[in-house]
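*Asks:* Build me a model from this:
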Amino acid sequence: MVRVTHWITAACFGALLVSGFEIVVSHPRFYWGETGTVLEQPLFAIPIPSSRSTVPTGYGYVLPDQNGWSRSLHFQAAWLLVLAGVVYVAAGLRTRHFRDDLLPARRDVTARALLHAAAKSLRPATANEAGEWTYNGLQRLTYLGVVFALFPLVVWTGLAMSDGFVARWPGTVTVLGGRQSARTLHFAVTVLLSLFLLVHLAMVYRVGFARRVRAMITGRTGGRQEGP
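*Replies:* A predicted model of the protein is given here:
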């Protein structure tokens, strides 16, 4: 179940990044509060051209408008990601995956242990390390943060931009500071998730990319059971 939901999440996240970028291109300016228009000073702006001529970007041209298919793909991929996440969490609780594989021991989350884990991650992997699959304290905390903090937050801020959802539960956007605040937070969390993805891929490459990918597809490498 970990492997199945992992690849569904990977495919959905890729679709969300591509479609989300196209949505941002239509208005690459971010605000704080309930409203945000081209007449207001943005909190910050991404220095890229827009797909709408009414958005001041400093460029003398506009990009093709891809807002239609990108929004449709974004919403579809988001709901599939939510479904995969619910299944993953339910399966992880039932099989004690979180307790056995991700919950760190107290000795592994001291400042010294975390600094040691970070320093070790920057060095090339030895043959022994490449053959291990257990996570250190820093990795466990990171995975738990992604699963139980960043992903729920990106879903929450996404829903807070939905007219229908906000009409039914207005408090979900009010507590965030407004709809434009939700959009800005949504973008910020997406950046953090993207950084996690880059580090995740770098770590997989460090210990053997082909073997790890094969393990996450088949569950086995070299004839022995491989961990998640």
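*Asks:* what helix or strand is residue 140 on?
*Replies:* Taking DSSP states H and E as the criterion, residue 140 maps to helix 137-145.
*Asks:* Identify the residues contacting that helix?
*Replies:* Among residues not part of helix 137-145, those counted as contacts by C-beta atoms under 8 Å, 6 or more residues apart in numbering are 98, 101-105, 108-109, 113-114, 117-118, 121, 135, 196, 203. No exception for glycine: its C-beta is placed from N, CA and C like everyone else's.
*Asks:* Find the nearest non-adjacent residue to the residue sitting nearest the centre point of the chain, please.
*Replies:* Among the residues of the chain, the smallest C-alpha distance to the mean C-alpha position (C-alpha atoms, centre = their mean) belongs to residue 193, namely 3.2 Å. Across the structure, with C-beta to C-beta, 6 or more residues apart in numbering as the measure, the residue nearest residue 193 apart from its sequence neighbours is residue 150 (5.6 Å).
*Asks:* and the residue of the chain most remote from its centre, what pLDDT?
*Replies:* Relative to the mean C-alpha coordinate of the chain, counting by C-alpha atoms, centre = their mean, the farthest residue is residue 60 (33.1 Å). On the pLDDT scale, residue 60 is placed at 91.
*Asks:* cool, and residue 121?
*Replies:* At residue 121, the pLDDT value in this model is 71.
*Asks:* hmm, back to that, neighbours of the residue nearest to residue 193, just the number please.
*Replies:* One way to gauge burial is a neighbour count; for residue 150, by other C-beta atoms under 10 Å, it gives 16.
*Asks:* likewise residue 81?
*Replies:* Residue 81 is flanked by 23 other residues according to other C-beta under 10 Å.
*Asks:* Show me the helices in the protein, by range?
*Replies:* Listed in chain order, the helices of the chain (DSSP state H) span residues 2-25, 67-94, 97, 111-122, 127-131, 137-145, 151-159, 163-168, 171-174, 179-206, 209-218.
*Asks:* With adjacent residues omitted, what lies nearest to residue 23?
*Replies:* Going by C-beta to C-beta, 6+ apart, residue 23 has residue 70 as its nearest residue, at 5.3 Å.
*Asks:* mind checking which helix or strand of this protein has the lowest mean pLDDT?
*Replies:* strand 224-225 (a mean of 43; mean pLDDT, DSSP states H and E).
*Asks:* looking at the helices of the chain, which is buried most?
*Replies:* Across the helices of the chain, averaging neighbours per residue (mean count of other C-beta atoms under 10 Å) puts helix 151-159 on top, at a mean of 19.
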